[in-house]
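Peer 1: Build me a model:
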Amino acid sequence: MRALLFCLIGLMTAAPDLAFAQMKLSPKAAPGANETRYFTSIDGLMDGNADVVLKETRQGKTVTSAVLDVCYPAEKGSDRKDRFVANLAVNGQTMTGTTQSLGDKLPVTVRLLRKPTGDTFEFKGQISVGQTVTEVTSTDNSDLSEKEFQDNQTTDDGITAAPKDFTEVSPESVGVRIKLDAALDFLKGLKGQDLEVSLNSLTVSCDALRAGEQTINISVDPDRAAALIAKSKSSPGVVAAGWTSGVVEMERTIRFAAADWREGDKLNKDKLTAAISGVLTKTFSANSASSTWDANTGKLKMTLKRPSQLFPPLGLTETIEVAALVSPDRPGTSDRLMLWISSPVISTADETAGPKLNLTEDFSGDEEGEQTDDNGSVEALAKEFKGQRWDVDKSAWK
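Peer 2: Got it, this is the predicted structure:
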């Protein structure tokens with residue numbers, strides 16, 4: 001009898017824990033409860049080039065409402081995007097709706113048949129945009145929960161408004177996140193300024209269309225980057241502005257004392273040019289041909305030449321192009337400078353007098369993208385400037 005009593009008490013004590021465990025194990029909503037689910041990979045729309053989000057509200061297994069959001073190339077092969085958002089009426093397995101595209105204002109008609117197939121779903125039907133009719137046949141579509149969908153929507157444009165230094169962002173690279181309806185006026189305001197706007201950042205992506213914001217990437221002389229950021233922050237429609245990733249790779253960067261390389265608060269560019277060029281002519285066994293400081297980006301662009309050893313009797317010439325960037329090692333006042341040096345780009349040409357031998361570069365699949373040997377230039381520059389190199393493993397200056 002006592003044993004039976006203890007057994008009953010144990011079962012009563014365990015019952016709440018068992019019930020809680022069952023609740024935790026069940027990821028599904030309770031039967032009949034409202035639930036939001038998403039499809040993000042319905043195939044076949046706009047020749048497979050569409051970015052699709054179908055949002056469904058369900059009560060149990062019954063769809064009570066749906067919204068179809070489709071972003072697609074405005075013209076075949078174009079980078080410009082258009083988008084439509086259609087509220088769909090649900091009648092059994094049929095979803096229908098009409099709207100117009102947000103950009104080109106084209107009429108849109110949607111008629112889809114949605115059919116469960118085990119754990120996945122099948123969609124068939126037609127979507128018309130203007131005069132273009134797309135036949136939809138998409139199988140094996142899986143849906144996502146609200147949390148899964150939102151987790152996939154997080155994007156990072158890399159803008160850092162106040163970085164502690166320039167080890168994770170680049171001193172010449174500025175990012176400006178701005179409302180779409182303000183982007184045109186902002187870009188017009190950049191005309192005539194000494195800077196460069198990334199062409200790729202002018203493309204308004206599907207994510208940007210849905211967020212209503214795009215990020216403009218700008219290269220500017222590091223001396224003027226802080227002023228550009230401050231001015232951008234005060235511009236209409238700007239959501240965020242700061243430094244972002246750019247040309248600087250820490251493996252090809254050195255840090256050194258600034259005192260000997262400044263005149264007042266400005267870089268002594270002549271002295272820097274002579275020192276950098278002097279090192280590179282030695283490491284590449286070449287002669288300096290030209291060196292210019294880019295007014296837009298603040299980069300030092302250098303060209304060196306040397307006889308080609310490929311076929312010496314022909315007297316061919318190798319041209320070596322290298323870029324460098326010098327800036328403080330962090331925003332604001334600093335007693336240290338950073339020097340980044342690019343990997344060399346080497347080309348060969350016939351520069352002899354008289355008729356020329358026309359040459360072309362041949363790249364196999366294996367050779368394409370390989371880094372050209374810089375003959376130890378970064379290490380040689382570190383010695384010349386008595387500088388530190390970056391320790392990749394420790395993420396710190398050596």
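
Peer 1: any idea where the strands of the stretch 251-398 of the chain begin and end?
Peer 2: 253-257, 262-263, 266-267, 287-293, 300-307, 317-328, 336-341, 345-349, 388-391, 396-397 (DSSP state E, counting those that start in this stretch).

Peer 1: Dump those to JSON lines, plus mean neighbour count and mean pLDDT.
Peer 2: Every residue, glycine included, has its C-beta placed from N, CA and C. Formatted as JSON lines, the strands of the stretch 251-398 of the chain follow (neighbours: other CB atoms under 10 Å; pLDDT from 0 to 100):
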{"stretch": "strand 253-257", "mean neighbour count": "20", "mean pLDDT": "98"}
{"stretch": "strand 262-263", "mean neighbour count": "12", "mean pLDDT": "94"}
{"stretch": "strand 266-267", "mean neighbour count": "14", "mean pLDDT": "95"}
{"stretch": "strand 287-293", "mean neighbour count": "15", "mean pLDDT": "98"}
{"stretch": "strand 300-307", "mean neighbour count": "18", "mean pLDDT": "98"}
{"stretch": "strand 317-328", "mean neighbour count": "20", "mean pLDDT": "98"}
{"stretch": "strand 336-341", "mean neighbour count": "23", "mean pLDDT": "98"}
{"stretch": "strand 345-349", "mean neighbour count": "14", "mean pLDDT": "96"}
{"stretch": "strand 388-391", "mean neighbour count": "16", "mean pLDDT": "97"}
{"stretch": "strand 396-397", "mean neighbour count": "14", "mean pLDDT": "96"}
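
Peer 1: Switch the ones you listed over to a markdown table; also include distance to residue 196.
Peer 2: Below are the strands of the stretch 251-398 of the chain laid out as a markdown table (distance: least, CB to CB, whole Å):
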| stretch | distance to residue 196 |
| --- | --- |
| strand 253-257 | 21 |
| strand 262-263 | 25 |
| strand 266-267 | 20 |
| strand 287-293 | 14 |
| strand 300-307 | 13 |
| strand 317-328 | 13 |
| strand 336-341 | 17 |
| strand 345-349 | 19 |
| strand 388-391 | 26 |
| strand 396-397 | 29 |
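
Peer 1: Now do the phi/psi pair for the closest residue to residue 106 other than its chain neighbours.
Peer 2: Of all residues not flanking residue 106 in the chain, residue 130 sits nearest, at 3.8 Å (CB to CB, 6 or more residues apart in numbering). Torsion angles at residue 130 (phi, psi; degrees, to the nearest 10) stand at phi 60, psi -130.

Peer 1: Show me what residue 123 bridges to in the sheet.
Peer 2: residue 114, residue 138 (DSSP bridges).

Peer 1: which residues sit in contact with it?
Peer 2: Shown in contact with residue 123 (CB atoms under 8 Å, 6 or more residues apart in numbering): 42, 112, 113, 114, 115, 136, 137, 138, 141.

Peer 1: If we use 6 Å, what do you get?
Peer 2: Going by CB atoms under 6 Å, 6 or more residues apart in numbering, residue 123 touches 42, 112, 114, 136, 138.

Peer 1: Checking the fourth one next. Helix, strand or coil?
Peer 2: To tie it back to what came earlier, the one meant is residue 136. strand (DSSP: H, G, I helix; E, B strand; the rest coil).

Peer 1: Break the protein down into its domains, please.
Peer 2: The record's domain parsing of the chain by automatic domain parsing lists 34-152, 173-243, 250-359+369-397.

Peer 1: Which of those sits closest to residue 158?
Peer 2: Closest to residue 158 of the domains of the chain is domain 173-243 (CB to CB; 6.6 Å).

Peer 1: ok now the closest one, how far from the chain's centre?
Peer 2: Domain 173-243 sits 14 Å away from the centroid of its parent chain (CA atoms, centre = their mean, to the nearest Å).

Peer 1: Between the two ends of it, how far is it?
Peer 2: 6 Å (CA to CA, to the nearest Å).

Peer 1: re the thing from before, surely the residue nearest to residue 106 touches residue 105?
Peer 2: No. Using CB atoms under 6 Å, residue 130 makes no contact with residue 105, being 9.5 Å away.

Peer 1: Of these two, give the one with the bigger neighbour count.
Peer 2: Neighbours per residue (other CB atoms under 10 Å) separate residue 130 from residue 105, with residue 130 holding more: 13 against 9.

Peer 1: Find the centremost residue of the protein, please.
Peer 2: In the chain, the C-alpha nearest the mean C-alpha coordinate belongs to residue 157, at 6.5 Å (CA atoms, centre = their mean).

Peer 1: Quick one: residues contacting the closest residue to it other than its chain neighbours.
Peer 2: In space, residue 157 comes closest to residue 215 once its chain neighbours are excluded; the distance is 4.4 Å by CB to CB, 6+ apart. Residues in contact with residue 215 (CB under 6 Å, 6+ apart) are 157, 175, 177.

Peer 1: which residue ranges form the helices in the stretch 1-150 of the chain?
Peer 2: Ranges of helices in the stretch 1-150 of the chain, per DSSP state H, counting those that start in this stretch, are 2-25, 146-152.

Peer 1: can you tell me which of the contacts of residue 215 lies nearest to residue 169?
Peer 2: Taking CB to CB as the measure, residue 169 lies nearest residue 175 of the contacts of residue 215, at 8.9 Å.

Peer 1: Pretty sure that closest one sits in a strand.
Peer 2: Yes. Assessed by three-state DSSP, residue 175 belongs to a strand.

Peer 1: how far away is it from residue 380?
Peer 2: 33 Å (CB to CB, to the nearest Å).

Peer 1: which of those two has more neighbours?
Peer 2: residue 175 (25 against 17).

Peer 1: Which positions are bridged to that one in the beta structure?
Peer 2: Following DSSP bridges, residue 175 is listed with bridge partners residue 217, residue 242.

Peer 1: Before we move on, what's the pLDDT of residue 151?
Peer 2: On pLDDT, residue 151 comes in at 89.
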